[in-house]
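Colleague: Next comes the sequence, and after it the predicted model I'd like to discuss.
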Amino acid sequence: MSIRSHHRTTERSLRSAVAPRRRAITRLLGVLAIAGVLVAGATLAPNSGITAAATVPGTPGTPQPGTPVYTEDFSNQSAALAARSITTYVGGAAAANSTYTASTQYTPAGNQCNGWIMSGATPTAPVTDLGCLNNVSTTWTTLQQMARALGVAQGQTTTQAATNQVLTSYTNATNGAIAAGTQFRTVNTIPAIGGHYYAVSAYFAAVNCPAAGGANQPKETFSLLVNGTPIVLSTGLNPCTNNTVWETQIAKLQSAAYQVPVGTTANLGLMLYNATATGAGNDVAFDLPQIVDVTPQLDKAFSPTVITNGSTSKMTLTVTNTTDLMAKSDWTITDALPTNLKIAAAPNVGGTCTQRTGAAYVVTAPAGGTSVSVTGGDLALGQASCTITVDVTSTVNGTYINGPANITTNLNPPANASLEVIQPSIDIVKSITAVNGVAVTSDTDPDKVYSKVGDVITYSFVATNTTPKAATNTTLNTNLTNVRITEDTFSGAGDMTTLSCTPIQGSTLASGATMTCTATYVVQQADLDSAPLTNVARATGTPAVGPNVTDTDDEIIPATWTPALVLDKTASVVDIDQDGVTGLGDHIMYAFTVTNTGNITVANITVVDDRLTQRNITVTCTPTTIAPTQISTCAANAPYVIGQADVDAKKVINTAYSTGTDPKGGPVRSNNDSTETPVEPFRIPLKIEKVGEAAANTWVRMDGSSFAVLADANGQPGTALPFTINGVETGLFQIDSIPAGTYWLSELTAPDGFSLLAAPVKFVINPDRTVSITAGGDQAVTSTGQIITVRDVPALTLPTTGGTGALPYILAGSLTVLGAGGLALWVRRRNTRADTTDPQI
């Protein structure tokens with residue numbers, strides 16, 4: 001066993017010998033050590049690698065985090081399958097895509113289990129590093145634990161922390177010692193800003209802190225590389241915070257700040273160095289090393305922000321440290337005041353900034369001057385902020401903007417600050433404070449609206465003496481006398497109530513005092529139709545000298561228009577031919593009602609019905625202007641006559657809507673309302689008789705025939721239709737109900753010794769409910785009324801009973817019918833024998 005290995009075994013043996021209770025206690029202490037650091041820990045996002053936002057003006061005296069300009073989270077290349085050497089790793093964009101170097105003993109080349117980038121999930125120790133193989137059962141596990149603990153310390157979830165990648169050192173040397181050296185040094189650089197302040201920080205994890213009574217703990221040195229030259233910022237930094245806890249302890253180590261000389265160009269890197277030369281003194285892992293711009297923030301303010309002509313305002317410059325609270329010395333500020341703004345005759349230079357170190361602290365602000373300068377400014381270690389104050393004045397009315405354009409400094413610049421110089425004045429603010437008792441809190445409040453007749457609007461009028469009182473002139477009379485509020489104009493159809501004011505009309509108001517009046521108004525329909533309601537109020541007052549001052553303010557309250565029309569359409573059928581069927585030639589009478597369901601009056605009520613328009617049928621509405629809840633009744637001037645196209649469509653669908661115009665001429669449209677009137681063609685009972693010549697010119701009905709009715713397919717016989725053909729008596733068949741239309745009659749079988757029809761015969765059921773033969777059959781097929789007569793003669797040659805006739809059509813039709821749903825055409829006939837049926841297809 002190596003000496004180093006024996007040393008660690010001894011430490012662990014001693015710890016394990018004390019009893020399980022101590023092991024539980026030390027584990028608890030380790031957890032508490034981590035938790036304690038988290039309470040006071042970093043504010044940056046865990047392993048984000050993203051540059052934080054720069055400090056911003058607006059919170060003087062409240063430190064903000066600095067701006068990371070370099071961040072390495074060791075996650076740009078994955079160590080999920082195997083640990084990565086620091087000498088081959090390449091950082092991401094937030095780390096300037098840097099590569100890294102370290103002293104040999106702190107790299108895998110030192111064979112001491114140092115310089116590996118890994119996570120809690122990196123599976124095994126590298127077999128190429130013999131140091132990692134010493135005490136392998138505990139070495140790699142301990143490094144994994146530190147990686148996870150560093151993730152948790154940065155705010156990661158347990159799942160995230162399991163794959164958090166860090167740079168580790170464990171030094172399993174055979175002699176238990178290691179030379180002090182560089183653990184981490186950047187190769188690439190990032191540009192710096194001359195005059196700005198920079199610091200270095202990193203999260204560190206350490207184990208075995210109690211070793212040698214705590215004498216062998218890490219001693220980290222943080223250096224900033226300025227153009228390649230190390231500048232030591234802090235030494236002796238130690239993540240061990242408890243000398244009795246052997247398990248993982250976490251700390252975010254922070255360096256002092258360094259100011260890049262003003263006017264110079266610098267490129268920065270960083271270096272971490274461990275001065276402890278024992279194995280236990282570098283049982284560490286670290287994560288998220290950063291270079292942070294910790295330049296203080298400058299803010300500027302005037303108090304008061306409004307002064308009378310010739311009076312003074314105190315200008316305050318506040319220098320606020322970053323949250324690291326490191327010392328920042330020798331900053332400078334020059335403020336070139338805007339034109340016509342000057343340093344007061346009595347500058348009253350003051351503030352809390354003082355000399356701390358370095359160059360002398362000097363504020364230059366001559367009376368009547370136009371520039372304030374500060375040199376040698378300092379913030380001490382732990383100091384959050386300090387201020388510089390100077391009185392300024394102007395004799396020219398106006399608003400003066402003093403901001404970044406006026407400032408020359410090495411600090412982060414301020415936002416604009418404004419100072420207004422004015423003379424006596426009055427201000428009136430008119431507002432809506434409630435509608436129907438519901439409070440209105442701002443102009444954008446959604447309750448600031450009226451929507452119906454009877455809404456009660458409460459108005460507020462506030463007149464304020466806005467004449468400012470100079471900070472140093474207490475004798476200036478800023479009162480306004482005989483203050484009054486009046487209504488200039490009001491667009492309401494009715495009258496507003498009399499103003500009720502506190503104090504009463506004609507009172508005297510001191511500077512900043514107010515007169516408040518209230519009144520109410522009840523909304524009428526005309527106010528909705530002519531919305532919005534507008535009102536102009538005026539406030540006047542008499543100052544100590546000069547003419548009366550006056551101010552006006554208008555108040556506009558919108559109305560919520562909800563124009564809405566509801567169309568109700570009805571259809572009634574007049575059975576002209578009184579056949580009990582809604583069909584060809586029957587009349588449909590349409591009627592409409594239009595209801596105003598909105599909150600405004602709608603004019604020009606009309607009904608749009610395209611189907612009626614196509615028939616030149618007009619719809620008239622009475623009345624044509626309807627207020628809310630009113631109804632307009634509309635009727636067509638003629639009936640709609642059902643045509644053949646409607647019969648073909650089997651229904652009449654008619655959709656209509658109503659239209660109108662709102663009070664401003666805008667369109668208002670109702671719902672679409674439709675009626676659907678079923679239409680069907682008339683039906684007749686169709687008889688088919690089969691006759692043969694029994695003697696010269698003697699024709700009789702014959703038994704033994706069967707028939708099928710085929711559809712018309714563009715003038716040609718189509719498929720068989722599923723009509724039931726009943727046998728009435730010998731040679732006479734009937735279809736009880738067949739719709740009007742065009743069909744083909746086909747004979748399927750013929751009596752013995754007689755021929756089939758040569759081909760299907762086309763017939764039409766006419767609008768007058770008679771049947772006509774229109775094609776085929778020659779003179780063998782005739783029609784009379786609603787009877788089709790098929791005359792037959794003996795066959796000249798009868799190879800079989802009947803003939804092929806229309807069999808090809810029927811077969812094709814039968815296949816089609818069967819394929820479409822298994823329909824079968826059954827022909828029932830009766831022969832001379834009573835109660836006998838013969839199914840036919």
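Modeller: Happy to help now that I have it.
Colleague: For Asp378, which non-adjacent residue is closest in space?
Modeller: Ranked by C-beta to C-beta, 6 or more residues apart in numbering and with sequence neighbours excluded, the top spatial neighbour of Asp378 is Arg356, at 3.4 Å. For the C-beta atoms, the positions are set from N, CA and C on the backbone; glycine is no exception.
Colleague: Please report phi then psi for that neighbour.
Modeller: Main-chain torsions, Arg356, degrees, to the nearest 10: phi -120, psi -50.
Colleague: That one reaches Ser329, doesn't it?
Modeller: Yes: taking C-beta atoms under 8 Å as the definition, Arg356 is a contact partner of Ser329 at 6.2 Å.
Colleague: how near is the residue nearest to Asp378 to Thr62?
Modeller: 21 Å (C-beta to C-beta, to the nearest Å).
Colleague: Mind listing the residues bridging to Arg538?
Modeller: Thr486, Thr552 (DSSP bridges).
Colleague: Which per-residue confidence value corresponds to it?
Modeller: Listed pLDDT for Arg538 reads 96.
Colleague: which residues does Ala266 contact?
Modeller: 191-192, 194, 226-227, 260 (C-beta atoms under 8 Å, 6 or more residues apart in numbering).
Colleague: of the residues you listed, closest to Leu268?
Modeller: Ala192 (4.9 Å; C-beta to C-beta).
Colleague: for the residue lying closest to that closest one once chain neighbours are set aside, phi and psi?
Modeller: Excluding the flanking residues, the one nearest Ala192 by C-beta to C-beta, 6+ apart is Ala266, at 4.3 Å. When read as degrees, to the nearest 10, the backbone of Ala266 gives phi -140, psi 150.
Colleague: Now the buried members of the contacts of Ala266.
Modeller: 192, 226, 260 (16 or more other C-beta atoms under 10 Å).
Colleague: quick one: low-confidence ranges for the stretch 51-200 of the chain?
Modeller: 51-53, 136, 173-176 (pLDDT under 70).
Colleague: Walking through the stretch 201-350 of the chain, point out its strands one by one.
Modeller: For the stretch 201-350 of the chain, applying DSSP state E, counting those that start in this stretch gives strands covering 220-226, 229-237, 249-254, 258-259, 266-274, 284-293, 297-303, 306-308, 312-320, 328-336, 342-343, 350-351.
Colleague: How about the stretch 451-600 of the chain?
Modeller: Using DSSP E, counting those that start in this stretch, strands in the stretch 451-600 of the chain cover 456-465, 480-490, 500-502, 507-509, 514-522, 533-542, 549-557, 565-574, 587-596.
Colleague: Can you point out the buried residues in the first one?
Modeller: Right, the one you point to is strand 456-465. Residues of strand 456-465 classed as buried by neighbour count (16+ other C-beta under 10 Å): 457-465.
Colleague: follow-up on the earlier one: can I get the strands of the stretch 201-350 of the chain in TSV including distance to Gly181 and mean pLDDT?
Modeller: Putting these into TSV (distance: least, C-beta to C-beta, whole Å; pLDDT from 0 to 100) gives the following:
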stretch	distance to Gly181	mean pLDDT
strand 220-226	11	97
strand 229-237	13	96
strand 249-254	18	96
strand 258-259	22	96
strand 266-274	7	97
strand 284-293	13	96
strand 297-303	38	97
strand 306-308	63	77
strand 312-320	39	97
strand 328-336	31	97
strand 342-343	57	98
strand 350-351	47	97
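Colleague: which one of these lies closest to Gly377?
Modeller: Closest among the strands of the stretch 201-350 of the chain, using C-beta to C-beta: strand 328-336, at 4.5 Å.
Colleague: Flag every buried residue along that closest one.
Modeller: Taking 16+ other C-beta under 10 Å as the criterion, strand 328-336 shows 328-333, 335 as buried.
Colleague: Pick the one among those closest to Thr387.
Modeller: Nearest member of these to Thr387, counting by C-beta to C-beta, is Ile333, at 11.6 Å.
Colleague: So that closest one sits against Leu411, correct?
Modeller: Yes: here Ile333 lies in contact with Leu411, judged by C-beta under 8 Å, at a distance of 6.9 Å.
Colleague: which neighbours do the two share?
Modeller: Taking C-beta under 8 Å, 6+ apart as the criterion, Ile333 and Leu411 both touch 298, 319.
Colleague: Where do the domain boundaries of this structure fall?
Modeller: Following automatic domain parsing, the chain resolves into domains at 3-293, 297-422, 430-553, 565-678, 683-828.
Colleague: Can you flag the weakest of the ones you listed by average pLDDT?
Modeller: Note on the domains of the chain: domain 683-828 shows the lowest mean pLDDT, a mean of 76.
Colleague: Now Asp609. Nearest residue, chain neighbours left out?
Modeller: Counting by C-beta to C-beta, 6+ apart, the residue nearest Asp609 is Ala656, at 3.9 Å.
Colleague: measure that neighbour to Val594 for me?
Modeller: Distance check for Ala656 against Val594: by C-beta to C-beta, it reads 10 Å.
Colleague: Which one's more surrounded, the two?
Modeller: Using other C-beta atoms under 10 Å as the criterion, Ala656 and Val594 rank with Val594 on top: 27 against 24.
Colleague: was I right about that one contacting Ser632?
Modeller: Yes: Val594 lies in contact with Ser632 (C-beta under 8 Å); the separation is 4.4 Å.
Colleague: which residues do those two both contact?
Modeller: In contact with both Val594 and Ser632: 605, 621, 626, 658, using C-beta under 8 Å, 6+ apart.
Colleague: among these, who's most crowded?
Modeller: In terms of neighbours by other C-beta under 10 Å, those top out with Ser658 at 29 neighbours.
Colleague: which secondary structure elements does the helix or strand containing it contact?
Modeller: For Ser658, the host element (DSSP states H and E) is strand 651-661. If you count contacts as 3 or more C-beta pairs under 8 Å, 6 or more residues apart in numbering; DSSP states H and E, strand 651-661 packs onto strand 565-574, strand 587-596, strand 603-609, helix 610-614, strand 667-669, strand 673-678.
Colleague: Same question for the last one: list its buried residues.
Modeller: Of all the residues in strand 673-678, those buried under the rule 16+ other C-beta under 10 Å are 673, 677.
Colleague: hey, what's Ile307 bridged with?
Modeller: Here Ile307 sits in beta bridges with Val421, going by DSSP bridges.
Colleague: who are the neighbours in contact with it?
Modeller: Per C-beta under 8 Å, 6+ apart, neighbours of Ile307: 313, 393-394, 419-422, 468, 470-471.
Colleague: swap in Ser705?
Modeller: Per C-beta under 8 Å, 6+ apart, neighbours of Ser705: 690, 731, 747-751, 790, 792, 829.
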